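Engineer: sequence plus predicted model, see below.
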Amino acid sequence: MTAFAQINPITDICFLVEDIERASAFYVERLGFRPRRRALGFADFKGAGVTLALWEIAHIAENTGVSSRRAPPGVHKACAAIELASPEQVDAAYAELKAAGVLFHAPPQNYVWNARCCYFADPDDNLWEIYAWSEGGPVGDIDSR
C-alpha cells in the first residue's frame, strides 16, 4: 500500500466546463470567488478553502490526451488536483502510484501552462491531476492577495 494520500493534501478542485467565460462569471458574480489566474481555457479562484479551478474540456483534452467526451446534462463533472513541490516529485509520485496499480493516461509531461502534470481516473472515471509548477511558477496570476 502507498502512503501518497497521507502526505499530499488535495490542493485544488477543478471543474471541467464547456465555456470558461460563462463558468468564470458564475463563480465570481454569483458565488463571490476572487480570480487568481487566467490562461487559455483555464481560470482559478481563491475562496475560503482549496483553490477552485475551471478548465475547458476541449482545452484539457487537446493538451493532455484526456478524453473530451462530454457527460450528458445533469451528470456532475470534476477534476481533483494535488500540487506537489517540484516537477521531480510529480515523477516520483507517478512511479509510486503506477507501481501500486494506478493506470495513468500518460507519463508526466511538461505543459504549456508551465507545469509538469500527470492524469489518472478512479474506477468511476473521476479525473485526478498531480502537478507541480515548473521554474518560473504559474502563469496568468491576476492578484497576489
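Structural biologist: Perfect, thanks for sending it.
Engineer: end-to-end on stretch 17-30?
Structural biologist: 16 Å (C-alpha to C-alpha, to the nearest Å).
Engineer: how far does it sit from its chain's centre?
Structural biologist: With C-alpha atoms, centre = their mean, to the nearest Å as the basis, stretch 17-30 stands 17 Å off its chain's centre.
Engineer: ok, stretch 55-63 next?
Structural biologist: Distance of stretch 55-63 from its chain centroid, counting by C-alpha atoms, centre = their mean, is 11 Å.
Engineer: next one: stretch 92-106
Structural biologist: 17 Å.
Engineer: return it as PDB; C-alpha atoms alone will do.
Structural biologist: Written as PDB, here are the backbone C-alpha positions of stretch 92-106 (Å, rounded to 0.1, in the frame of the first residue of the first chain):
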ATOM      1  CA  ALA A  92       8.300  10.200  -8.100                       C
ATOM      2  CA  ALA A  93       4.500  10.200  -7.300                       C
ATOM      3  CA  TYR A  94       3.800   8.800 -10.800                       C
ATOM      4  CA  ALA A  95       6.300   6.000 -10.300                       C
ATOM      5  CA  GLU A  96       4.900   5.200  -6.800                       C
ATOM      6  CA  LEU A  97       1.300   5.200  -7.800                       C
ATOM      7  CA  LYS A  98       1.900   3.300 -11.100                       C
ATOM      8  CA  ALA A  99       3.700   0.600  -9.000                       C
ATOM      9  CA  ALA A 100       0.600   0.500  -6.800                       C
ATOM     10  CA  GLY A 101      -1.600  -0.300  -9.800                       C
ATOM     11  CA  VAL A 102      -2.900   3.200 -10.800                       C
ATOM     12  CA  LEU A 103      -3.500   3.500 -14.500                       C
ATOM     13  CA  PHE A 104      -2.400   6.900 -15.900                       C
ATOM     14  CA  HIS A 105      -3.400   8.500 -19.200                       C
ATOM     15  CA  ALA A 106       0.200   9.100 -19.900                       C
END
